[in-house]
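> Give me coordinates for this.
(4 chains)
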There are 2 protein chains.
Amino acid sequence: MTIYDISEKAGVSIATVSRVLNGSSNVSEKTRKKVLDVINRYEYTPNAFARGLGLNTMKTIGILCADSSDLYLAKGIYYIEQKLRSNGYDSLLCCTGYTLENRINSLNLLINKKVDSVVLVGSNFIYENEENNRYICNAAAQVPIMLLNGALDAPNVYSIVSDDFTSMYEATCQMIDSGVNDILYYYNSASYSGKRKLAGYRLAMEERDLLKSPELLQFYRGSHEDIPAMTEHLKQLHRDGLSFHGLIAADDTLALSAIKYAGELGIAIPSELSIIGYNNSMLVNSCVPELTSIDNKLETLCQHLISTLLGVLDGREMPKKTIFSGELVRRGTTR
Amino acid sequence: MTIYDISEKAGVSIATVSRVLNGSSNVSEKTRKKVLDVINRYEYTPNAFARGLGLNTMKTIGILCADSSDLYLAKGIYYIEQKLRSNGYDSLLCCTGYTLENRINSLNLLINKKVDSVVLVGSNFIYENEENNRYICNAAAQVPIMLLNGALDAPNVYSIVSDDFTSMYEATCQMIDSGVNDILYYYNSASYSGKRKLAGYRLAMEERDLLKSPELLQFYRGSHEDIPAMTEHLKQLHRDGLSFHGLIAADDTLALSAIKYAGELGIAIPSELSIIGYNNSMLVNSCVPELTSIDNKLETLCQHLISTLLGVLDGREMPKKTIFSGELVRRGTTR
DNA sequence: ACTTTACATGTAAGCGTTTACATCCCTAAT
DNA sequence: ATTAGGGATGTAAACGCTTACATGTAAAGT
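Residues are numbered from 1 along each chain as shown, chains lettered A, B, ... in the order given. A predicted model of the protein is given here:
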C-alpha cells in the first residue's frame, strides 16, 4: 500500500495525498476529508524510509548511556523517553559501556541512523583530557548534542547539569555543623559530576581544616551494584584502623553499603555514624534507618533538557548551559 | 557526500561502490581496495534512509516495555540491547506505561519505523482477555514478535519464559518444609507471570490445605518503587490482626518492605518471619539480613531470546516457546 | 465581459541507495 | 584463430515519498 494506491482510490494526485499527510494548508476541506477517509479505510501508513529520504529527518533522537541498568541512568532514560514521545519524537537507545572506543562507535552509529540529535545521559561521557572529548565535537558538527549532567563548552552542544558541587558542599557543611568532624568521602566515579561532587566535599572540609588524611577519600572500584563488595571494603578500612563518624557517598548504593557496614559492626546510626547518600533514589526508603540523600532533581533536568532540545531543533536560540541546584532530603541517617 | 561522489573519486560506477559497500563477491580485489580507500579517506557513510528504501530493512529491533525505570525491566532491556548490538542490530526503545491504548500505539509506531522485529519485555503485555491480545497478532502479521516472560500462542510470535510457576511452587514447598505454615503471599501484579507465580504458591499451599484464609493473598496497589507505602500496608495488616510467619513476595521490592516491616515491629528474621523475594536483583544484598530470592535467570532468557530472534530473521525454523527454570538463592531471610 | 488574484490541484524532478540486466573483456577450450 | 563462458563493471529502473513549479479554476475587482 503506497501513496499511489491511496491517490488512485481517492481520485486525487499523490501530491495532494502527501499534502494531507503533512498537514499542508493548501488542501480544500472536502478533498482532505476524502483522502483521510481512504487512508483510514486502508490503514495506510507512509513508508518511513521514503519519508526520511524526502524530509531528511526521522523524528528520532538518539540516547547514549553507559549502562541502562544503572538505577539512576535508567530513571533519566525513562524521563527523557517519555517527554520525547509526548512531543512526537522517538528514541533510539545505545548503551556503550565505559570504554571510549565503544562510545565513539555508538555515537557515529546513531548519527548514521539519521537521528535529529543525540543526548548523552550521564557525565561519564566527558573526559578530563580535551582530546578525548573531540568525538563529541565531531558529532556536534552534524547534529545538536545534549549533555545530561555533564558539561562541555563547544559549538552545538548544550549542557544541562545539576549543581553537584554546591549540593555536596552544603551537605558536608551541614554534617560538620551537626558536630561530625571526621567525615569519610566514599565515591566510585571520576566522571565530570563525580569530580564536582568531590570538590564540593573537599572545599567544605578544607575550609575548616578537617581534611587531615588522604584516607578520608575512599574510592571504590567495582560494580556499581555490588553492595556486598562495598560493604567489605568499608569493613577492611575499619580493620585497618580508619576511624570516621560521618560518611558522605557519591551514590545511594555506596551509602547503603555504609548502612550495612554499620549494622554488621554494631555501629549506631546516626549517633555514632552519620550517612548521606546521593540521588535520592528508591533505595533511600529500602533501609533502616532511611537514608538522608541529595536529590538532584533528575526529572526537572530532563524536562529542561527536552525543552531546550525542542527549541534547538526549532531553530531557536537556546542557553548553552543550564544549572539546577539540588536539595538535601533529611531522613534517619543524619542527626 | 553520496555514493556518486565516491564513485567519481574512485573512478568506478555507483554500482561497484554499492557492491563493495554490501560485500558483494563480484568485485575484483584491486577495485575493492581502491573504493574502500576513497570511502575511508572521505569518511563516507551511506545514507540510512536511502539504504532502507532499497533494502526495506534498517537492522533495527524495537523494544517495548512498560517502564524502563523498573529495576527488573531495565536489566532486561540492558541485556537485550547489548546482545543485539553485538549482532549488528540497533534497538529502538519505547516505554508505554500500563494502558492498552498506549501499547497499541507504540507497537504500531515501531512497526511504522520499519523495525525488523519487536520484543515485548515483561508480561504486562499479555492480557487475560483474548481480544486484548489481538494487537499483538496484528503486529505479528508484519514482523516477528518476541515475548520475554510472557507467552502467547499465535503465528509469528515467539515466547521465552521463565518457569515462574514451578519456581514459586518449589519455594513455597521449601518454606513449608522448613516449618512455616502460615505464609502470606504478597504481590502487586496480575500480569501473565504474576498469575503464574501466584498459582505456584497456591498449589503448594492447597496441596497441604494451608490456604485457610483469603487474607493470606495480599495485593499491593501502588508504585512498584514505593517501599514505604508497602511497609505501611503490611503494618496495617498487622494492626488488623493478620498473623503470618512466612512471607513470599512476587518481587524483591515487596520483600524488602517486609524486612522493613519486621524491623520496625521488632519481629526477628528469620526465626519469627521467613521471607522470600523474587528476581534476585541487586536489592537482595542491600538489606540486613540479606534476602533469599528466586533468580529467574534473566540473562539466560535474554540470550536465548536474541538467538531465537536472529534465527527467525534468518529464515530458520525456531521453537515457538522456550521455558527456563529458575533457582532459589538462599540467604539470611530464610532458615 | 475581462483581467487579476488566490487558492486548489497536478506533474515531474529529486532524495541516495540497491540490483536486474546489459555489456565488456579476458581466459581457456576447440 | 575462433568462440564460448564467466567474471568485472556499468546503466538505468526501481524503492515511496516531498515539493518546486506549472496549471487550472473560481471569485473578486474593474
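> Which segments of chain A make up each domain?
A:3-53, A:60-162+A:298-326, A:164-295 (automatic domain parsing).
> what about the host helix or strand of A:Val20 and DNA strand D, any contact?
Using DSSP states H and E, A:Val20 sits within helix A:14-21. Yes - for helix A:14-21 and DNA strand D, the contact criterion (CB under 7 Å from any atom of the strand) is met by A:14-15, A:17-19, A:21. Every residue, glycine included, has its C-beta placed from N, CA and C.
> how distant is that helix from the center of its chain?
From the chain centre to the centre of helix A:14-21 is a distance of 40 Å (CA atoms, centre = their mean, to the nearest Å).
> closest one to B:Leu237 among the domains of chain A?
domain A:164-295 (18.8 Å; CB to CB).
> and that closest one, how far apart are its ends?
10 Å (CA to CA, to the nearest Å).
> likewise stretch A:148-159?
6 Å.
> now stretch A:134-152
Per CA to CA, stretch A:134-152 runs 10 Å from first to last residue.
> Can you tell me the element A:Ala171 falls in?
A:Ala171 belongs to helix A:164-177 when elements are defined using DSSP H and E.
> That helix packs against which elements?
Under the contact criterion of 3 or more CB pairs under 8 Å, 6 or more residues apart in numbering or on different chains; DSSP states H and E, helix A:164-177 touches strand A:183-187, helix A:192-207, strand A:246-249, strand A:274-278, strand A:292-295, strand A:327-329.
> buried sites along it?
A:164-165, A:167-176 (16 or more other CB atoms under 10 Å in any protein chain shown).
> next one: stretch A:101-114
A:103-104, A:106-111, A:113-114.
> now swap in stretch A:265-272 and tell me
For stretch A:265-272, the buried set under the neighbour-count rule, 16+ other CB under 10 Å, comprises A:269-270.
> returning to that earlier point: okay, the domains of chain A in JSON lines with mean pLDDT and distance to B:Thr333 next?
Shown next, in JSON lines, are the domains of chain A (pLDDT from 0 to 100; distance: least, CB to CB, whole Å):
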{"stretch": "domain A:3-53", "mean pLDDT": "93", "distance to B:Thr333": "50"}
{"stretch": "domain A:60-162+A:298-326", "mean pLDDT": "93", "distance to B:Thr333": "22"}
{"stretch": "domain A:164-295", "mean pLDDT": "96", "distance to B:Thr333": "14"}
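> DNA strand C: which of those is closest?
Nearest of these to DNA strand C, taken as CB to the nearest atom of the strand: domain A:3-53 at 3.1 Å.
> and the end-to-end length of the closest one?
15 Å.
> Any residue of it touching chain B?
Yes - residues of domain A:3-53 contacting chain B under CB under 8 Å from any CB of the partner chain: A:45, A:47-50, A:52-53.
> Please list which of those also come close to DNA strand D.
With the criterion set as CB under 7 Å from any atom of the strand, the members of the residues of domain A:3-53 next to chain B near DNA strand D are A:47, A:50, A:53.
> Out of the residues you listed, list just those in helices.
A:50, A:53 (DSSP state H).
> residues in contact with A:Glu272?
A:245, A:262 (CB atoms under 8 Å, 6 or more residues apart in numbering or on different chains).
> measure it to DNA strand D for me?
Counting by CB to the nearest atom of the strand, to the nearest Å, the gap from A:Glu272 to DNA strand D is 67 Å.
> returning to that earlier point: now render the helices and strands packed on helix A:164-177 as a markdown table, adding mean neighbour count and distance to A:Gly311.
Listed next are those as a markdown table, based on neighbours: other CB atoms under 10 Å in any protein chain shown; distance: least, CB to CB, whole Å:
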| stretch | mean neighbour count | distance to A:Gly311 |
| --- | --- | --- |
| strand A:183-187 | 23 | 34 |
| helix A:192-207 | 20 | 23 |
| strand A:246-249 | 28 | 36 |
| strand A:274-278 | 28 | 30 |
| strand A:292-295 | 24 | 26 |
| strand A:327-329 | 16 | 26 |
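> Serialize those to TSV and add fields for distance to DNA strand C.
Below are these laid out as TSV (distance: least, CB to the nearest atom of the strand, whole Å):
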stretch	distance to DNA strand C
strand A:183-187	45
helix A:192-207	35
strand A:246-249	49
strand A:274-278	45
strand A:292-295	46
strand A:327-329	49
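> among the ones you listed, which is nearest B:Ser68?
So among those, strand A:292-295 is nearest, using CB to CB, at 20.4 Å.
> is chain B contacted by that closest one?
No - applying CB under 8 Å from any CB, one finds strand A:292-295 separated from chain B by no less than 13.8 Å.
> Alongside DNA strand D, which residues does chain A contribute?
Within chain A, the residues that sit near DNA strand D (CB under 7 Å from any atom of the strand) are A:2-4, A:14-15, A:17-19, A:21-22, A:46-47, A:50-51, A:53-55.
> let's go with 6 Å and repeat that
A:2-3, A:14-15, A:18-19, A:21-22, A:46-47, A:50-51, A:53-55 (CB under 6 Å from any atom of the strand).
> Farthest pair within these?
The widest separation within the residues of chain A next to DNA strand D (CB to CB) is 18.0 Å, between A:Arg19 and A:Leu53.
> Just put the buried residues of helix A:164-177 in a markdown table and tack on distance to B:Lys235.
Output for these, formatted as a markdown table (distance: CB to CB, whole Å):
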| residue | distance to B:Lys235 |
| --- | --- |
| A:Asp164 | 36 |
| A:Phe165 | 40 |
| A:Ser167 | 33 |
| A:Met168 | 35 |
| A:Tyr169 | 38 |
| A:Glu170 | 34 |
| A:Ala171 | 31 |
| A:Thr172 | 35 |
| A:Cys173 | 36 |
| A:Gln174 | 31 |
| A:Met175 | 31 |
| A:Ile176 | 36 |
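> Now do the strands in the stretch 51-200 of chain A.
For the stretch 51-200 of chain A, applying DSSP state E, counting those that start in this stretch gives strands covering A:60-65, A:90-95, A:117-121, A:145-148, A:157-162, A:183-187.
> in its sheet, what does the fifth one sit against?
Strand A:157-162 has these partner strands in its sheet, going by DSSP bridges: strand A:145-148 (parallel), strand A:321-324 (parallel).
> what angle sits between it and strand A:117-121?
Comparing the axes of strand A:157-162 and strand A:117-121 via axes from the mean of the first three to the mean of the last three CA atoms, to 10 degrees yields an angle of 30 degrees.
> Skipping adjacent residues, who's closest to the residue nearest in space to the middle of chain A in space?
Central residue of chain A (CA atoms, centre = their mean): A:Val121, 3.7 Å from the mean position. Excluding its sequence neighbours, the residue lying closest to A:Val121 (CB to CB, 6 or more residues apart in numbering or on different chains) is A:Cys65, at 4.1 Å.
> so the one you found sits right up against A:Leu73, yeah?
Yes - using CB atoms under 8 Å, A:Cys65 makes contact with A:Leu73 at a distance of 4.9 Å.
> quick revisit: output the domains of chain A in TSV, with distance to B:Asp209 appended to each entry.
Listed next are those as TSV, based on distance: least, CB to CB, whole Å:
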stretch	distance to B:Asp209
domain A:3-53	54
domain A:60-162+A:298-326	42
domain A:164-295	35
